[in-house]
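# Attaching a predicted model along with its sequence, questions to come.
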Protein chains: 2
Amino acid sequence: MAITAEIITIGEEILSGQTLDSNSAFIGRKLADAGIEVRYKVSVGDKHEDIVEAITIARERSAVTICTGGLGPTRDDITKNAICAAFDCKLSLRDDILDRIKKRYEERQQKMPAFVQSMALQPLGSELIPNSVGTAPGIVFQEKDRYFASVPGVPSEMQAMVVDHIVPYLMRREDRRHIVLRKIRTIGIFESHIAEVLEAIEPDGKDLRLAYLPSYKGVDLRVTSLADSHEAAVKAAEELTQKIVNRLSEHVYTIGDESMAELVAGMLKKRGETLATAESCTGGLIAKTITDMPGSSDYFLGGAVPYSNEAKMNLLKVDEQLLVDHGAVSAEVAEALATNAREVFGADYAISTTGIAGPSGGTNEKPVGLVFIGYADSAGSTSRRLDLHGTRERIRERSVLVALDLLRVKLAAK
Amino acid sequence: MAITAEIITIGEEILSGQTLDSNSAFIGRKLADAGIEVRYKVSVGDKHEDIVEAITIARERSAVTICTGGLGPTRDDITKNAICAAFDCKLSLRDDILDRIKKRYEERQQKMPAFVQSMALQPLGSELIPNSVGTAPGIVFQEKDRYFASVPGVPSEMQAMVVDHIVPYLMRREDRRHIVLRKIRTIGIFESHIAEVLEAIEPDGKDLRLAYLPSYKGVDLRVTSLADSHEAAVKAAEELTQKIVNRLSEHVYTIGDESMAELVAGMLKKRGETLATAESCTGGLIAKTITDMPGSSDYFLGGAVPYSNEAKMNLLKVDEQLLVDHGAVSAEVAEALATNAREVFGADYAISTTGIAGPSGGTNEKPVGLVFIGYADSAGSTSRRLDLHGTRERIRERSVLVALDLLRVKLAAK
């Protein structure tokens, strides 16, 4: 039988929605990669009885439980007491850990606050996971067929413990089923249309599953394949993926987690060519998206964000008459921005945006959501008109995606 | 007694960490604002028995349950059957809903796929929540002292139902306790130091709670105050907040949810002054952060992203000799970028960044994490040196924050 895992996150800030639960997403990805299926995710606040209840339920139904949050130095740390209540054990002070913590403070020439001492308390019967990044160690209970780990909520500390200790240990256990995921990313086709096209090849939903992850950026499809061996899981996942790609061909832009930006970056790097950007309505979001990637200076020469009309004229030499004749939001200005950015930066390609991201600023003639994407290369320039809907954020993100997609299509055709 | 709520999100993509659970964060914020404390958050996959179990547990322990995900048109929709199993009821076809769905497809001149019909199925005993944004209606069971709602997972549809229907209904119920939150945002002080400074005024953790939300952007503090009346909850929250602000004064940049960017935007707008940016290592992230805000064209004239040295010279007229003498990553170049951006864009203020965001590109003399922030106004220019640690993303985001903070401090001093 497949090992199923449960993730518990502790923190009022997750319940009240002040913080997105990215810790459990990280753990979920790492477990999935290791062939362990996460079946439940539970968040509770800093209440003793709720943490105890969550741990107790998890121990009953899940072979593996990973708990995160609440092992930090501050007063909202009550996780350890809750663990002791759930496992019916006491805390004992580890002098060696306390010495190490004291040393860390000494090295930084800081006084150790008294309550930091609680980080050196260990539930009896547990083992500790060393913290290579911070101070508080993690806690592990290994019972017969049951594994329970509790790690701090600080992302870097949690990540190091999960990657260096928890996942390698679980990987060594033999009795797990293998899970393989494949992601197929599409653009320009609705979820319901995809469902129609794929109706004949829908998997049974048991060992082979197909999930639709629609967003305004496009519809991602996820194939989940479960089998007793890694090879069998891969084989079934690959077969279904190939069938899907065959049916949706023109709409699939990548298989895998690769983003549109990563895809385009790879194409540029391979060709040894360079890119520049000129962004009005996206206000730097294309440049930001590209420079999010390490090594982007290899192919990205830079960008301009000529938000005002004056900036369009001064920084990117857009002809004033063009702005008067067509308005800043026009195919003509989009192409001029791309053409001139390409020249100013000395790049092989340039892409540009100009539009009305809203929520205000729209007119009958040029409503919110009207965006022009410009593209220029040595052969000339072209543009694409978009009539988008939704929030400012959506309009901007969608514009970035289409601009990068336009570049992708042009590069692929060369 | 306070009403406690539970949120259930359905979707394999949340368990496997492919998608951040922003839906439940949204619901959590809206419930907290309405005085309803979220006590549990649970995510399960598309498995019938897991959904049934989650709903059954929630009905037992929580007065209010809001379930999201799985009411869409595609095959992974099994939520409705699970709800019927948990509530022991049958599905019946609502002809009026089916007609409305058909009409929507006709209006768009599309053929309605046959399986869309399932969206018109209503669990007997439930009421429907109209979907003002999309097609699938929400489902509500109102039992004695128990409220259960299930809404689609598409964010815009979920949000409209929560804001327009669920929260107003729950607000009208009389028996809830009131919850008031206050957020205090700090910069430049460690969590453990804050804990020391606040030790004497730590609340008891029952009706008045203090939580630390540390991140690399600074430490946010959240005061949670529970009381039988809104006024009493506000009073206790305000008193504690004021004590905290008095003790941390120079480190508090705002009370509330306002971001550093929103704070600075408000100051600029109030003064009727303008800003330009010149970003090397942050690659457009400052401009993006500013233009994320609607109406930013009122005070933001534009930005440059001179990623290559050539772009620094051509676009922003940085003297070649300055680059040779000090290197691109230097206080001198940071100040030149700010000074020249201010001129090129004709802005009152300019801020700039130049640094090594990593993970590669560092040297002994100029390691990864070395960043210079530049600032210029009519009186001249200045800069700030940062020695940052962590990932590329952290180094970039931290640089943006410090650049905006430098502007904030300068504006506040004027």
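Thanks, I have it.
# any idea how far the residue nearest to residue A:145 when sequence neighbours are not counted is from residue A:5?
Once flanking residues are discounted, residue A:145 sits nearest to residue A:63: 6.1 Å by Cβ to Cβ, 6 or more residues apart in numbering or on different chains. Bear in mind the C-beta positions are built from the backbone N, C-alpha and C, glycine included. Distance from residue A:63 to residue A:5, counting by Cβ to Cβ, to the nearest Å: 7 Å.
# who's more crowded, the two?
residue A:5 (26 against 21; other Cβ atoms under 10 Å in any protein chain shown).
# so that one bridges to which residues?
residue A:38, residue A:64 (DSSP bridges).
# show me what contacts it?
By Cβ atoms under 8 Å, 6 or more residues apart in numbering or on different chains, the contact list for residue A:5 reads A:31, A:36, A:37, A:38, A:39, A:62, A:63, A:64, A:65, A:66.
# which residues of chain A score low on pLDDT?
A:1-2, A:70-77, A:174-176 (pLDDT under 70).
# what about the helices in the stretch 201-350 of chain A?
Taking DSSP state H, counting those that start in this stretch as the test, the helices found in the stretch 201-350 of chain A are A:230-248, A:260-271, A:285-291, A:309-316, A:320-326, A:331-345.
# So which of these is nearest residue B:113?
helix A:230-248 (15.1 Å; Cβ to Cβ).
# Show residues contacting that closest one.
A:35, A:178-182, A:184, A:186, A:189, A:194, A:197-198, A:201, A:203, A:207-208, A:210, A:221, A:223-227, A:252, A:255.
# and that helix, which residues are buried?
A:233, A:236, A:237, A:240, A:241, A:244, A:245, A:248 (16 or more other Cβ atoms under 10 Å in any protein chain shown).
# For those, could you give me CSV that also reports distance to residue A:123?
Shown next, in CSV, are these (distance: Cβ to Cβ, whole Å):
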residue, distance to residue A:123
A:233, 36
A:236, 42
A:237, 40
A:240, 45
A:241, 45
A:244, 48
A:245, 50
A:248, 52
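# coming back round to it: closest to chain B among the contacts of residue A:5?
residue A:38 (4.2 Å; Cβ to the nearest Cβ).
# tell me the domain ranges of chain A?
Domain assignment for chain A by automatic domain parsing gives A:4-172, A:178-255, A:260-413.
# Same list (the ones you listed) but as TSV, adding distance to residue B:12.
What follows is the domains of chain A, written out as TSV (distance: least, Cβ to Cβ, whole Å):
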stretch	distance to residue B:12
domain A:4-172	9
domain A:178-255	5
domain A:260-413	23
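# between these, which one is nearest to residue B:87?
Nearest of the domains of chain A (Cβ to Cβ): domain A:4-172, 20.9 Å.
# quick check, distance from that closest one to the centre of its chain.
Remark: domain A:4-172 is offset 23 Å from the chain centroid, using Cα atoms, centre = their mean, to the nearest Å.
# Quote the end-to-end distance of that domain.
Domain A:4-172 has an end-to-end distance of 15 Å (Cα to Cα, to the nearest Å).
# if we can go back for a sec, let me know whether the residue nearest to residue A:145 touches residue A:4 as I believe.
Yes: Residue A:63 is within contact range of residue A:4, at 6.2 Å (criterion: Cβ atoms under 8 Å).
# follow-up on the earlier one: and the residue nearest to residue A:145, how far from residue A:349?
Counting by Cβ to Cβ, the gap from residue A:63 to residue A:349 is 52 Å.
# ditto for residue A:250
In this structure, residue A:250 and residue A:349 are 22 Å apart, going by Cβ to Cβ.
# Just want to know which of the two has more residues nearby.
More crowded of residue A:250 and residue A:349, by other Cβ under 10 Å: residue A:349, with 23 against 9.
# need the contact list for residue A:250.
Residue A:250 neighbours (Cβ under 8 Å, 6+ apart): none.
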